[in-house]
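S.K.: sequence and predicted structure below; questions after.
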Amino acid sequence: MKSVWILNHYAQEPGGPGGTRHYSLARSLMRNGWSASVIAASTEHGTGRERLMPGETMRLDTFDGVPFLWLRTASYSGNGVDRVRNMIGYTRSVLKPEHTRQLERPDAIVGSSVHPFAAWAGLRLARRHGVPFVFEVRDLWPQTLVDLGRLSERHPMTMALRVLEQHLYKNAAQIVVLLPHAKEYIEPLGIAAEKIVWVPNGIELEIFPCPQPKETGDTFTFMYFGSHGTANGLDNVLRAMSLVQGADTERLINLRMIGDGPLKPSLIEMARQLDLKNVSFEDPVPKKQIASLAAEADAFVFNLINAPVFKYGISSNKLFDFMACGRPVIFSCDAGNNPVEAAKGGVTVLAGDPHALARAMIGLSALPPAERQRMGAANRRHIEENYEFDRLGIKFAGALDTALRAGK
């Protein structure tokens, strides 16, 4: 059995809120010749929960045979200086030899770019141990920050990050991308196409049992669960719900917004100012509770802002969760891929258009139940055929095997 270390600052163990990509991939990798250890920060991203006890600087836990090494990092909130300190703290900690001594010696190391410093640490460790480095590109740094308006093109940080990303691409034996069209961004930087492998986010179907159709009632419930951040553009959804509230509809239409994020307080205030009686805000739930919660929905809303970076595609955990739950989805996003349209499992509208979104919500609520059930079943089938983690683990193991051969 070959061994791989996966550096993901924000990796999530099973049972908590948020994505569990590397836990799920690690379980599949064990069936494909690789033993994976995940190295993550002790502070849970999004909630601030501290996993370590007072006085602990690190701890090695095991979940279903998957080792998780937690390294102590400082707490933070929002996207300011404290979060940057948290990133730097993780990077410094993972590079201390005494912190990884408990792990099986690696045959390859994956650095995941939830931020680029973690990926850089992966490259440093790979060189230290004389093994191949695999660069997992989750977001296109710094292009995502530029397109979301957080950095200007000429900002010194942008230029520094461009140098760093080029360095990581050049020195990676393999590049695993989550976005289906990321090649179109990476290849022009002088990177060979054969180094790039697409392994998107996916689903563990065992925690999403085959859904039962929802009986039609007097109220039609839309649901959103996930991050309440800038890229999600949830102000657009609230404006749409204001239009729905003022419309003459066959049934009462409401929206349940489940999750957390930096913009949640301002969204709650916006809902108050709009006097929205048809929107509720709820706390995030652990991954294993999503399926039972989702059974209470008639349909889901997936929304993103209109940003140029999305032309390279999206790989959203929440979208795949929505589709796996066997309900129709309204896809309010301008992206290079559209899984809902590919599945024929819902309605697509332009990003940032609350009038179009409101019309879609009203129209979907008025469809015959059989048509909505057809859409939901199509979504479920599409996820089973394309995004189940057993399939994705085979692709990920293939990338690791290729990297190992290239390093010999």
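M.R.: That came through fine.

S.K.: and the helices in the stretch 201-350 of the chain?
M.R.: 234-245, 264-273, 290-294, 317-324, 339-343 (DSSP state H, counting those that start in this stretch).

S.K.: looking at those helices, which is buried most?
M.R.: Stretch with highest mean neighbour count among the helices of the stretch 201-350 of the chain: helix 317-324 (a mean of 25; mean count of other CB atoms under 10 Å). Glycine gets a C-beta too; all of them are placed from N, C-alpha and C.

S.K.: from residue 359, how far out is residue 207?
M.R.: Residue 207 sits 34 Å away from residue 359, going by CB to CB, to the nearest Å.

S.K.: should've said residue 277
M.R.: 20 Å.

S.K.: same question for residue 400.
M.R.: Distance of residue 400 to residue 359, computed by CB to CB: 47 Å.

S.K.: neighbour count for the two, which is higher?
M.R.: Neighbour comparison, residue 400 and residue 359: the larger count goes to residue 400, with 25 against 17 (by other CB atoms under 10 Å).

S.K.: ok, and for the helix or strand that that one is a member of, which residues are buried?
M.R.: Secondary structure from DSSP states H and E places residue 400 in helix 389-406. Of the residues in helix 389-406, 389, 392-393, 395-397, 399-404 count as buried by neighbour count, 16 or more other CB atoms under 10 Å.

S.K.: wait, which of those residues is closest to residue 331?
M.R.: Proximity of the buried residues of helix 389-406 to residue 331 was ranked by CB to CB; the top entry is residue 392 with 21.6 Å.

S.K.: skipping adjacent residues, who's closest to that closest one in space?
M.R.: Distances taken as CB to CB, 6 or more residues apart in numbering put residue 202 closest to residue 392, at 4.6 Å, once the chain neighbours are dropped.

S.K.: my guess is that neighbour contacts residue 395. True?
M.R.: No: in this structure residue 202 lies outside contact range of residue 395 using CB atoms under 8 Å: 10.0 Å.

S.K.: residue 267 reaches residue 235, doesn't it?
M.R.: Yes: applying CB under 8 Å as the test, residue 267 and residue 235 come out as touching, 6.8 Å apart.

S.K.: name the element residue 146 belongs to?
M.R.: If you go by DSSP H and E, residue 146 is part of helix 143-147.

S.K.: which residues does that helix contact?
M.R.: The contact list for helix 143-147 (CB atoms under 8 Å, 6 or more residues apart in numbering) reads 151-153, 158, 161, 185, 307-309.

S.K.: give the buried residues for the next helix or strand after that helix.
M.R.: On the C-terminal side of helix 143-147, the closest following helix or strand by DSSP H and E is helix 156-171. Using 16+ other CB under 10 Å as the test for burial, helix 156-171 gives 158, 161-162, 164-165, 168-169.

S.K.: can I get the residues you listed in CSV including pLDDT and distance to residue 13?
M.R.: Listed next are those as CSV, based on pLDDT from 0 to 100; distance: CB to CB, whole Å:
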residue, pLDDT, distance to residue 13
158, 90, 34
161, 91, 29
162, 92, 33
164, 95, 29
165, 94, 29
168, 97, 26
169, 97, 30
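
S.K.: between those residues, which is closest to residue 77?
M.R.: residue 161 (23.1 Å).

S.K.: quick one: the closest one and residue 116 touch, right?
M.R.: Yes: between residue 161 and residue 116 there is a contact under CB under 8 Å: 6.3 Å.

S.K.: what's the overlap in contacts for those two?
M.R.: Contact with both residue 161 and residue 116 is made by residues residue 141, according to CB under 8 Å, 6+ apart.

S.K.: my guess is residue 264 contacts residue 228, does it?
M.R.: Yes: in this structure, residue 264 is within contact of residue 228 by CB under 8 Å, at 4.2 Å.

S.K.: so what sits against both of the two?
M.R.: In terms of CB under 8 Å, 6+ apart, residue 264 and residue 228 are not both contacted by any residue.

S.K.: so where do the strands sit in the stretch 51-200 of the chain?
M.R.: In the stretch 51-200 of the chain, the strands defined using DSSP state E, counting those that start in this stretch lie at 58-63, 66-71, 108-112, 133-137, 174-177, 196-198.

S.K.: any idea which of those gets closest to residue 219?
M.R.: Here strand 58-63 is closest among the strands of the stretch 51-200 of the chain (CB to CB), at 38.3 Å.

S.K.: contact partners of the closest one?
M.R.: Surrounding strand 58-63, the residues in contact under the criterion CB under 8 Å, 6+ apart are 13-14, 23, 42, 51-53, 67-72, 93, 99, 102-103.

S.K.: how is this structure carved up into domains?
M.R.: 2-202+388-406, 206-386 (automatic domain parsing).

S.K.: how many neighbours does residue 53 have?
M.R.: Using other CB under 10 Å, residue 53 has 8 neighbouring residues.

S.K.: how near is it to residue 99?
M.R.: Using CB to CB, residue 53 is found at 17 Å from residue 99.

S.K.: the bottom helix or strand of this protein by mean pLDDT?
M.R.: Sorted by mean pLDDT, DSSP states H and E, the helices and strands of the chain end with helix 143-147, the least confident at a mean of 86.

S.K.: residue at max distance from the center of this protein?
M.R.: residue 248 (36.4 Å; CA atoms, centre = their mean).

S.K.: phi, psi for it please.
M.R.: phi -90, psi 100 (degrees, to the nearest 10).

S.K.: got a list of what it touches?
M.R.: Contacts of residue 248 (CB under 8 Å, 6+ apart): none.

S.K.: how close does the closest residue to residue 65 other than its chain neighbours sit to residue 63?
M.R.: Distances taken as CB to CB, 6+ apart place residue 30 nearest to residue 65, at 6.5 Å, with adjacent residues excluded. Using CB to CB, residue 30 is found at 12 Å from residue 63.
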